[in-house]
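[1] give me a 3D structure for the following:
(one chain, ligands or ions: 1)
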Amino acid sequence: MTTLDSDESAESYFGTQLPPPTLDQDIAGVRSFVHRQRGLNRKVVLVTSGGTTVPLELNVVRFLDNFSAGTRGATSAEYFLKAGYAVIFMHRQFSLQPFSRHYSHSTNPFLDFLEIEPNPDKSSAPPNITVTRSERDGLLDVLTAYKSVQQSGLLHTLTFVNVNEYLWLLRAVSQELSVLGRSVLYYLAAAVSDFFLPRQKMSEHKIQSGKGSLLIEMDQVPKILKPMIDEWSPDGFVVSFKLETDPALLVPKSRAALERYGHHLVIGNDLHRRKHEVVFVSREHQGTAARDVGINWLRISGDAVNARGHPKEIEEDIVAELTKRHQAWIEGPRS
Ligand code: PMT
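    From the prediction side, this is the model:
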């Protein structure tokens, strides 16, 4: 059996799987966004967020999904905006988004904060809608930041659903971003499927039940980080995430990813502790030998509050650390 290396398997993937129909249009939007930010000499971060699906049929009824609500990506995007970055937010359709995430329909439904008040002067006039007093300050903060970002055109949003859309988009977006050289940061927080069903092997219509068990053999999704770092955007500062459920595997697997892809940083997170603890695994020197790898834990306590007295989010500290490291990379020696 011959095994393909990452570059070959990525090439063979893009040679056999069709691009999403909206790709050209999406990329035209990214191109003009990047052009604008470049003119303003602004740093740009690509945040990927949410999980990818793997459809089992061409006319999709059933699919496999990857865990991720999009909290990490949406929250981090807000802190990058606060730090002065322009943000391309590439997320799974209907997963959490910056700003609106504070009023997620399931955990904090915004309709619960609105009151209907009869118009006191004219009984025939439509009633007023007001915000519950206790929620006003919080909403004002979020709305002010949201409107200011909208006005300054600092946030560009792209959506994907399945892993094929994600891979095509990531390749094309990183190729567009490569013109920014070291000023671009990749923050790859999306949870990407490891296996997929090539369209050539997919059933056209809904798989019929009643024939006993279902056996499906899937292909491996190409490891996209390698060609991205080597070819598509070689000067960017690349941060990938590693999710594990066994705490003992977190550092070894993060370290293995760093050594395999040779990028800048892996942020390891355990499924159950990810909101309070992450580990930064990075090369301290240019070499990739195990002894050159730095392991730094970042933790916040459950009752920590931020400068405005609100519950602290670990993404605030993650982004603060990354903006420092990215700046050091921009100013660092060229090889
Ligand atoms: O959204 P939340 O609910 O807040 O959850 C956030 C999170 C836990 C999902 C997030 O913090 C996280 O850990 N995301 C990465 C999950 C993961 O382990 O992904 P992975 O093992 O599939 O990929 C690891 C890295 O390799 C990723 O950065 C990915 O971009 C990259 N990858 C993955 C697959 C692939 N074929 N090629 C890749 O390059």
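[2] show the contacting residues for the closest residue to L271 other than its chain neighbours.
    For L271, ignoring the flanking residues on the chain, the nearest one in space by Cβ to Cβ, 6 or more residues apart in numbering is T245 at 4.8 Å. C-betas here are computed from N, CA, C, even on glycine. With contact set as Cβ atoms under 8 Å, 6 or more residues apart in numbering, T245 has these partners: D270, L271, H272.
[3] if we use 10 Å, what do you get?
    Counting by Cβ atoms under 10 Å, 6 or more residues apart in numbering, T245 makes contact with F67, D270, L271, H272.
[4] wait, isn't Q220 in contact with S9?
    Yes. Counting by Cβ atoms under 10 Å, Q220 touches S9, with 7.5 Å between them.
[5] more neighbours: these two, which one.
    S9 (19 against 12; other Cβ atoms under 10 Å).
[6] state the distance from T144 to Y79.
    16 Å (Cβ to Cβ, to the nearest Å).
[7] counting neighbours, go ahead and name the busier of those two.
    Per other Cβ under 10 Å, whichever of T144 and Y79 has more neighbours is Y79, with 20 against 10.
[8] which residue, other than its chain neighbours, is closest to that one?
    Per Cβ to Cβ, 6+ apart, closest to Y79 is V319, 3.8 Å.
[9] quick check, that neighbour in a strand?
    No. V319 is assigned helix when assessed by DSSP: H, G, I helix; E, B strand; the rest coil, not a strand.
[10] show me where the protein has its helices.
    If DSSP state H is used as the criterion, the helices of the chain fall at 6-16, 23-39, 71-82, 133-152, 163-177, 225-227, 247-261, 314-331.
[11] the first one - contacts with which helices or strands?
    Looking back up the chat, that one is helix 6-16. Based on contacts counted as 3 or more Cβ pairs under 10 Å, 6 or more residues apart in numbering; DSSP states H and E, the elements that helix 6-16 packs against are helix 163-177, strand 219-220, helix 225-227.
[12] ok, now the fourth one?
    Other helices and strands packing on helix 133-152, by 3+ Cβ pairs under 10 Å, 6+ apart, are helix 71-82, strand 86-92, strand 114-117, strand 128-131.
[13] quick check: angle from that helix to strand 86-92?
    Here the directions of helix 133-152 and strand 86-92 differ by 110 degrees (axes from the mean of the first three to the mean of the last three Cα atoms, to 10 degrees).
[14] run through who's touching helix 133-152.
    40, 77-78, 81-82, 86-87, 98-103, 108, 110, 112-115, 130-132, 154-155, 308, 310.
[15] tell me the residues of the stretch 151-300 of the chain that contact the ligand?
    Contact residues, the stretch 151-300 of the chain versus the ligand (Cβ under 6 Å from any ligand atom): 188-192, 194, 221-225, 240-243, 269, 274.
[16] kindly recompute the last result at 5 Å.
    Applying Cβ under 5 Å from any ligand atom, one finds that the stretch 151-300 of the chain approaches the ligand through 188-189, 191-192, 221, 223-225, 240-243, 269.
[17] out of those residues, which sit inside strands?
    Those of these mapping onto strands are L188, S240, F241, K242, L243, N269, per DSSP state E.
[18] re the thing from before, mean pLDDT for the helices of the chain - can I get that in a markdown table?
    Shown next, in a markdown table, are those (pLDDT from 0 to 100):
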| stretch | mean pLDDT |
| --- | --- |
| helix 6-16 | 86 |
| helix 23-39 | 98 |
| helix 71-82 | 98 |
| helix 133-152 | 95 |
| helix 163-177 | 98 |
| helix 225-227 | 94 |
| helix 247-261 | 96 |
| helix 314-331 | 97 |
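[19] with distance to V54 added, can I get those in a markdown table?
    Listed next are the helices of the chain as a markdown table, based on distance: least, Cβ to Cβ, whole Å:
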| stretch | distance to V54 |
| --- | --- |
| helix 6-16 | 14 |
| helix 23-39 | 19 |
| helix 71-82 | 20 |
| helix 133-152 | 33 |
| helix 163-177 | 6 |
| helix 225-227 | 19 |
| helix 247-261 | 21 |
| helix 314-331 | 28 |
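[20] mind putting the contacts of T245 in a markdown table, distance to A172 and pLDDT included?
    Formatted as a markdown table, the contacts of T245 follow (distance: Cβ to Cβ, whole Å; pLDDT from 0 to 100):
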| residue | distance to A172 | pLDDT |
| --- | --- | --- |
| F67 | 26 | 89 |
| D270 | 33 | 97 |
| L271 | 31 | 95 |
| H272 | 35 | 95 |
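[21] determine which two of those are furthest apart.
    Pairwise distances across the contacts of T245 peak at 12.9 Å for F67 and D270 (criterion: Cβ to Cβ).
[22] joint contacts of the two?
    L243, T245.
[23] these two: who's more crowded?
    Neighbours were counted for F67 and for D270 using other Cβ under 10 Å; D270 has more, 18 against 10.
[24] separation between F237 and the ligand?
    14 Å (Cβ to the nearest ligand atom, to the nearest Å).
[25] for Q37, same thing?
    Counting by Cβ to the nearest ligand atom - Q37 and the ligand are separated by 22 Å.
[26] so what sits opposite the closest residue to that residue other than its chain neighbours in the bridge?
    Of all residues not flanking Q37 in the chain, A86 sits nearest, at 4.4 Å (Cβ to Cβ, 6+ apart). Here A86 sits in beta bridges with V44, as judged by DSSP bridges.
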